[in-house]
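> just the structure for this:
(2 chains)
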Amino acid sequence: DAGVIQSPRHEVTEMGQEVTLRCKPISGHDYLFWYRQTMMRGLELLIYFNNNVPIDDSGMPEDRFSAKMPNASFSTLKIQPSEPRDSAVYFCASSRGTGGNQPQHFGDGTRLSIL
Amino acid sequence: AQSVTQLGSHVSVSEGALVLLRCNYSSSVPPYLFWYVQYPNQGLQLLLKYTSAATLVKGINGFEAEFKKSETSFHLTKPSAHMSDAAEYFCAVSVPVRDDKIIFGKGTRLHILP
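Okay, here's the model as predicted:
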């Protein structure tokens, strides 16, 4: 069974550019989570979806960040315009059933560098 | 609101020695508790979870954790460290029924000395 797939694995771009991160959750999982990891702030939950519907986006730092889940097998996290402080590793995770009870399965992350 | 505190951002142990990573939780109701491990350049993987059954939980790779309500702790242990255990470990908490999400601690990086 394939795990959570994220693309790209690495992204380097200049500030002001639009960045799109992609995630394919595990088939059959109905929860999808986006996290950001930095040395300073650790692992932060940005937004999560249940059955493709955004449930809690209180962790999204600013209006420059947006996330969509058009169907059960695909989600995007977009940053427009990007800034150097957005540099981090972004993880997508999915789970079957209530995320608080069931383990979350993480992708290998996208390492984003904004110059 | 629930939270977890991991004591020590870095822990070093010798190969073959006991591993002890500390986690204390705060929750107004009996929580679910988790330990995840992150190897370099990878995402987090579940090591073990406590969901109100046995208080001593066994996980993968020889790790185990004990839920102690009186101490609000969920420390992670392994009797004998291997070099391959070098990684970052995260304690996490959620509230049954109420929460869809898991709250992660800041993480503890485990270094194994030869």
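> okay, CA-based contacts and neighbour counts for the rest of this
Will do.
> tell me what the residue minimising distance to the centre of chain A is bridged to.
Note on chain A: the residue nearest the mean C-alpha position is residue A:34, at 3.1 Å, using C-alpha atoms, centre = their mean. Beta-bridge partners recorded for residue A:34 (DSSP bridges): residue A:47, residue A:92.
> what pLDDT does it get?
Among the per-residue scores, residue A:34 holds a pLDDT of 97.
> quick check: the gap between the closest residue in space to residue B:63 that isn't next to it in sequence and residue B:46.
Distances taken as C-alpha to C-alpha, 6 or more residues apart in numbering or on different chains place residue B:78 nearest to residue B:63, at 4.8 Å, with adjacent residues excluded. Look at residue B:78 and residue B:46: by C-alpha to C-alpha, to the nearest Å, they are 15 Å apart.
> next: residue B:112.
20 Å.
> got it, and residue A:110?
From residue A:110 to residue B:46 the distance is 20 Å (C-alpha to C-alpha).
> and for residue A:92?
15 Å.
> so which elements touch the host helix or strand of residue B:45?
Using DSSP states H and E, the element containing residue B:45 is strand B:44-50. Applying 3 or more C-alpha pairs under 8 Å, 6 or more residues apart in numbering or on different chains; DSSP states H and E, one finds that strand B:44-50 contacts strand A:105-106, strand B:32-38, strand B:56-58, strand B:64-68.
> much appreciated, bye for now.
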